[in-house]
Every structure is written in C-alpha cells, then in structure tokens.
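*Asks:* pasting the sequence and the predicted coordinates here, then a few questions.
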Amino acid sequence: MTLLTKNQITELCVFIEKRIEKKGCDHSLKNTFEWAEKKGIDIADLIDVLEFNGGFCDCEVTMNLPEDCDLQLVAGYKELDLKNPFKIPLNFQQTENKIYTKALFSSPEYAHNNYTKNEELIIPAPFGFKPKKRVRKSMHFFNGTESELPTEIGVVKEIEPINGKEFAKKIRDLKLKSFMNFSERDAEYYFSRIEKIDIGKPMGTHFMEKSGIGGTKIDLKIHKVIFRK
Ligand SMILES: [Zn+2]
C-alpha cells in the first residue's frame, strides 16, 4: 500500500525546508507531523516508513527520502512460528546443565523505545509478537518479564547462578503470553549470547533473514550495541 506518493514527498520536503530555513532542525519530526496531520496521514505508519528510509528528524526527511518513487507501507507483523517461536538458529548446540550468571535488564539509561518498568529482567519477544507499545518495525525488541512491555535495549547484569532448564521454567511460570513456550533451548541460546559480554554493556536484538536454497531462514540475534555520541 502506498503511504506517500512522489508528489506528496516533494510537497512534504518543500514544507519542511521553508520551516527549517529560518529556525534550523531541532532534530525532531515536528514539522513532518504537522504536515501529515493536515493531510490525514497516519502518524505511526508514517514513522515506520520514514525510519526505514533514514528519516529520523525533519532535516533527515528532506535529505534521505527518495525523490523519484512512491513510498510503500512497511509490511506488518509476521505470523508466529509455533515450532521455534524465538527463531533460535537451528545449528545452535545446547550445553547440558551449564550454569549461567548473567542476564539482560532494562535500564533507565537507555530510553530507546523503552516502556518497561526500570530494571526488569528482559527477554526477546517471540518472532511475530505484536509489541504492546510502538517500537520501530526495522528492529526487534525485548519484553519485560513483569510488564510484558517492549524495550529496544537491555544491559548485562549479574544474576543468581541458574541453569537453562530452571530459568526457562521460571519464565514460563510467569504466565505471560509472549513467554508461554520459552524452552530450555531458548534459555540456553539467550544466556550463551550474554555470558561473554561485560556487566553494564548495552545489547539489542534483531532477526537475520537469509534467502537461499530451501527458502528464507530467519535467525534471532542478540548483540552488543555501540552508541555514537
Ligand atoms: Zn535534523
């Protein structure tokens, strides 16, 4: 579905340029939103399309949006995967009875689409899970294990030593929809990504899609995040 036509993009850029010519860009999407509201364009859909094209503020919208094509709505949430809900890589090898001492927690220091309570234990949401608050569609997210609300960033913290099996049971016992099927294998993969990362380091999560013989393969990644100052 087309969200912005070529002509609308030009119109939007002219509108923004007139505004920021005088006052400069305050690195928000203020003027973009004002224009979109007048045109009756859905703001949440618009943010997704703009972010996908590198338009995180008014000046970036004018610089980064393509000039010669319509912009389509980013595809919506995908179907849940019942066999492998968290998309753990198929070649991941579990280690029986290994003890882990680190997990991820949300942090007020990282406010990137963070709707969790402060310092909740967080776990990636299953593939296709619709977040209860808006996050960027170009990213995956963690859910808080108390609030079940999303955050894009977590930090590594120490926990009481635990193995994958016990941890998975604890998480399932929370009776949250997103973690109902959180298995020992899912727990082992989660811990294995974190165990070598230093305490206090921020981490994010995304899905890596690879197309090849036999179709598209989607793997969960949990990775260090480096912030540019
Ligand atoms: Zn800007």
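*Replies:* That came in fine, so what should we check first?

*Asks:* domains of this protein?
*Replies:* Per automatic domain parsing, the domain ranges recorded for the chain read 2-72, 99-224.

*Asks:* low-confidence ranges, the protein, go.
*Replies:* 74-77, 228-229 (pLDDT under 70).

*Asks:* and the strands in it?
*Replies:* Remark: strands assigned in the chain by DSSP state E are 2-4, 71-72, 99-105, 122-124, 142-144, 150-151, 154-163, 202-212, 215-224.

*Asks:* turn those strands into CSV, including distance to residue 85 and mean neighbour count.
*Replies:* Every residue, glycine included, has its C-beta placed from N, CA and C. Output for the strands of the chain, formatted as CSV (distance: least, Cβ to Cβ, whole Å; neighbours: other Cβ atoms under 10 Å):
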stretch, distance to residue 85, mean neighbour count
strand 2-4, 30, 18
strand 71-72, 28, 16
strand 99-105, 18, 19
strand 122-124, 10, 27
strand 142-144, 12, 27
strand 150-151, 16, 26
strand 154-163, 19, 16
strand 202-212, 12, 15
strand 215-224, 10, 15
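
*Asks:* minimum distance to residue 89: which of the ones you listed has it?
*Replies:* Nearest to residue 89 among these is strand 215-224 (4.4 Å), distances taken as Cβ to Cβ.

*Asks:* extract the C-alpha set from that closest one and format it as PDB.
*Replies:* Taking Å, rounded to 0.1, in the frame of the first residue of the first chain, the C-alpha atoms of strand 215-224 are listed here in PDB:
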ATOM      1  CA  GLY A 215      13.600 -20.700   1.200                       C
ATOM      2  CA  THR A 216      14.200 -17.900   3.700                       C
ATOM      3  CA  LYS A 217      15.900 -18.700   7.000                       C
ATOM      4  CA  ILE A 218      15.300 -16.300  10.000                       C
ATOM      5  CA  ASP A 219      17.600 -16.400  13.000                       C
ATOM      6  CA  LEU A 220      17.400 -14.500  16.300                       C
ATOM      7  CA  LYS A 221      20.400 -12.400  17.100                       C
ATOM      8  CA  ILE A 222      21.300 -10.800  20.400                       C
ATOM      9  CA  HIS A 223      24.200  -8.400  20.000                       C
ATOM     10  CA  LYS A 224      26.200  -5.700  21.600                       C
END
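
*Asks:* ok, now how distant is residue 133 from residue 223?
*Replies:* 22 Å (Cβ to Cβ, to the nearest Å).

*Asks:* and for residue 56?
*Replies:* 21 Å.

*Asks:* re earlier: so which of the strands of the chain gets nearest residue 183?
*Replies:* Taking Cβ to Cβ as the criterion, strand 122-124 is the member of these that comes nearest to residue 183, at 12.0 Å.
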